[in-house]
Structure formats: C-alpha cells, structure tokens
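>>> take a look and give me a structure for this.
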Amino acid sequence: MRKLLIPVLVIAIASAVFFAYPLVNEGTKSSCKALERRALTLVSMEGGPEGLIIAALGRQLLRQGKGMIAAEFSRQRNPDVPVTLSCTTNYWHSLFDRDWLVETISRSLR
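Next up is the predicted model:
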C-alpha cells in the first residue's frame, strides 16, 4: 500500500501544480483567461510601441471576457482535447517558447 501511495501523491502534486500555476500566475479563475493574459503580455513585450497599444486595447476588451477567445484558439489547435486541458498546455508551451504564441497569433490575424 505504501509503495503505491508515493507515486500517487507525486502525480497528484504534479497535476495540481500543472493546472494551478497558470491561474495563480495570471490571477484568473480560468486557464483560458490565463492564456489570454499571457498572450497580451507577450504581445506587449515583443511588439514595441504598437504592441503596447494593442495590449492596452486588448486588456480593455478582455477585462469582461471569460477566456472565450483563448478557448476557441485552443479548440482549433487541439479539437480532440478538452478546452481546459488545451488552454493549460498552450499556456505552458508559451512559458517555454515565448515566440511560439506571438507567431501563432500573428499568423491567425493574417
């Protein structure tokens, strides 16, 4: 029984960190809203003066949102994966590869 408890505990803690970090880091209640905030942060950092303007406008637009834009983005990228899991994996992907999210958004807007 004890041999099984340790791996189960490690998996439970890893899962909690995987799902909770985006929410805590971005101060949201939804992983999709966290992904939207992450995207705005990256666009404002990478886009120069235009990026700051876009980010300011985006923050105003998304303030009342519930993560619907990121949910649709994640749904299109991973149609067979639940949206919450897809938004979370996309968030983590953007942490390890900052350029990926900005480039993907730029390609989508063309």
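>>> who's in contact with stretch 43-62?
Residues outside stretch 43-62 that contact it (C-beta atoms under 8 Å, 6 or more residues apart in numbering): 33, 36-37, 40-41, 69, 98-99, 102, 105. Any C-beta I mention is one placed from the backbone N, CA and C, and that applies to glycine too.
>>> which residues does the residue positioned nearest the centre of the chain contact?
With distances taken as C-alpha atoms, centre = their mean, residue 35 lies nearest the centre of the chain, 2.4 Å away. When contacts are counted by C-beta under 8 Å, 6+ apart, residue 35 is found next to 22, 67, 70, 73-74, 87, 90-91, 94.
>>> go on, residue 77?
Residue 77 makes contacts with 86, 90, as judged by C-beta under 8 Å, 6+ apart.
>>> returning to that earlier point: which one is the residue nearest to the centre of the chain nearest to, not counting chain neighbours?
Excluding the flanking residues, the one nearest residue 35 by C-beta to C-beta, 6 or more residues apart in numbering is residue 70, at 4.0 Å.
>>> quick check: residue 38 touching residue 94?
Yes - proximity of residue 38 to residue 94 meets the contact threshold set by C-beta atoms under 8 Å, at 5.4 Å.
>>> mind listing the shared neighbours of those two?
Once C-beta under 8 Å, 6+ apart is applied, the residues that residue 38 and residue 94 both contact turn out to be residue 101.
>>> ok, of the contacts of stretch 43-62, which come out buried?
Buried positions within the contacts of stretch 43-62, assessed by neighbour count (16 or more other C-beta atoms under 10 Å), are 33, 36-37, 40-41, 69, 102.
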